[in-house]
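Participant: Fold the following for me, if possible:
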Amino acid sequence: MDLQLHGKTAFISGSTKGIGKAIAVALAKEGARVIINGRSGTEAVVKSLSSAGDVLGIEGDLADPQDTQRICEEIDKIGPLDILINNMGIFEPKPFAEIRDEDWQKFFDVNIMSTVRLSRYFFDDMLQRDFGRIIHIASEAGLRGLESMVHYSMTKGAQVVIGRGMANLTKGCGNNITVNSVLPGPTRTEGVDTWLKDSAKVQGKSEDEFVAAFFAETEPNSLIQRFIQPEEIASVVTFLASPLSSVINGAAIRAEGGLIKSIV
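Facilitator: I've put the predicted structure just below:
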C-alpha cells in the first residue's frame, strides 16, 4: 500500500531511540523527509538511519522554551512541516507520597509543555496550508492512572485531551488536517529490554519465562501477553500520519495489546 508520504516533511521529538526512532525509520522508508531530535547524539543516529531514507537531525532540549523556539525556527528553514509527532517524554515509577512538587513540574514541562509548544508553533501554518498531521504519543497510562506513576499518567492523559481539543479546532477545514493521540502499552524499548534481561538473570529465569510471569502477575488483562515492539507502534503512527487516515481525527488510538478491558 502506498501511504502517499513522498515529499512530506516530518519532525519527531525525542527520536534518537525507542518508539521515536522506530517512527523515524518507518516514515523515512515511506519516502518522507524525517527530522529527528534529541538533546545529544543525533548526528550518530542520523548516520545510522541514512539507509532508510532522507533523515536529518536537530539537537536541543524541548523542555526549554528558548531552545524549543530555536528548534522550530530550524525546522522552518528545512521546509514547511507536514507531520508533527510529539513523542518526547519521561517516566519514573515513584510512590505518590514521594512525588515532590519539583517532580510534578518536571513532568509537566517535559511531557506536556513540549507537546503544547511544538503544536502551537506549527498548527496555524498547517491550517493555512490545508494539510497537516499532529500525533501525540501518549500512553494507556493516561486512561488507567497507574498508581505506580501518577505524575506520568497525568501527563499522558493531558496529551489526549490536548489532542482532542486541537482536533475540534479543525472543524470546517476539510479532511486535510487531523490531530490524534496514540496510546502504546508496555513496549520493549532499549531501557525496558535492559531491565528485562537484568531482572530475568537475577531471578534465574529465561527471558521468555520472565515475560510470561510479568504479564501473568502485572498485566493479566493483556490479550497479547508480551511486550510490544517499537516497530509495531511505528506502523500505527505511520498510517495516521498519511493522507489515507483523513477520517480519523480527534481520536485516542489504543495500541496497548488489549490490556484495557473496554470497547471504547
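Participant: And for the nearest residue to A213 once chain neighbours are set aside, the neighbour number?
Facilitator: Once flanking residues are discounted, A213 sits nearest to K205: 7.1 Å by CB to CB, 6 or more residues apart in numbering. (Glycine included, C-beta is placed from N, CA and C.) Per other CB atoms under 10 Å, the neighbour tally for K205 reads 15.
Participant: K205 and D198 touch, don't they?
Facilitator: No - counting by CB atoms under 8 Å, D198 is not a contact partner of K205; they are 11.6 Å apart.
Participant: what's the helix or strand for the nearest residue to I83 once chain neighbours are set aside?
Facilitator: Leaving aside its chain neighbours, I83 sits nearest to A10 (3.7 Å; criterion: CB to CB, 6+ apart). Following DSSP states H and E, one finds A10 within strand 9-12.
Participant: What are the contacting residues of that strand?
Facilitator: Strand 9-12 is contacted from outside by 20, 23-24, 27, 32-37, 58, 75, 78-85, 87, 118, 241, using CB atoms under 8 Å, 6 or more residues apart in numbering.
Participant: Equivalent analysis for stretch 198-211, please.
Facilitator: Residues from elsewhere that reach stretch 198-211, judged by CB under 8 Å, 6+ apart: L196, K197, A213, R226, F227.
Participant: Repeat the analysis, applying 10 Å as the threshold.
Facilitator: P186, R188, D193, L196, K197, A212, A213, F214, Q225, R226, F227 (CB atoms under 10 Å, 6 or more residues apart in numbering).
Participant: Farthest pair within the residues you listed?
Facilitator: Maximum pairwise distance among those (CB to CB): 18.7 Å, between K197 and Q225.
Participant: Neighbour count: the two, which is higher?
Facilitator: Taking neighbours as other CB under 10 Å, K197 and Q225 compare with Q225 leading, 16 against 12.
Participant: Setting the sequence-adjacent residues aside, check what's closest to the more buried one.
Facilitator: The shortest distance from Q225 to any residue other than its chain neighbours is 4.5 Å, reached at F215 (CB to CB, 6+ apart).
Participant: try R70
Facilitator: The spatial neighbour of R70 that comes closest, neighbours along the chain excluded (CB to CB, 6+ apart), is G60 at 6.4 Å.
Participant: Any idea how many residues pack against the one you found?
Facilitator: Counted with other CB under 10 Å, G60 comes out at 20.
Participant: Tell me who's in contact with it.
Facilitator: By CB under 10 Å, 6+ apart, the residues touching G60 are 13, 37-40, 42, 66-72, 74.
Participant: Please apply the same query to E30.
Facilitator: E30 makes contact with 1-6, 8, 10, 52-53, 238-239, 241-242 under the criterion CB under 10 Å, 6+ apart.
Participant: Poorly predicted segments of the protein, please.
Facilitator: Scanning the chain for pLDDT under 70 picks out the ranges 174.
Participant: Return the set of buried residues in stretch 220-227.
Facilitator: By neighbour count on 16 or more other CB atoms under 10 Å, the buried set for stretch 220-227 is S222, Q225, F227.
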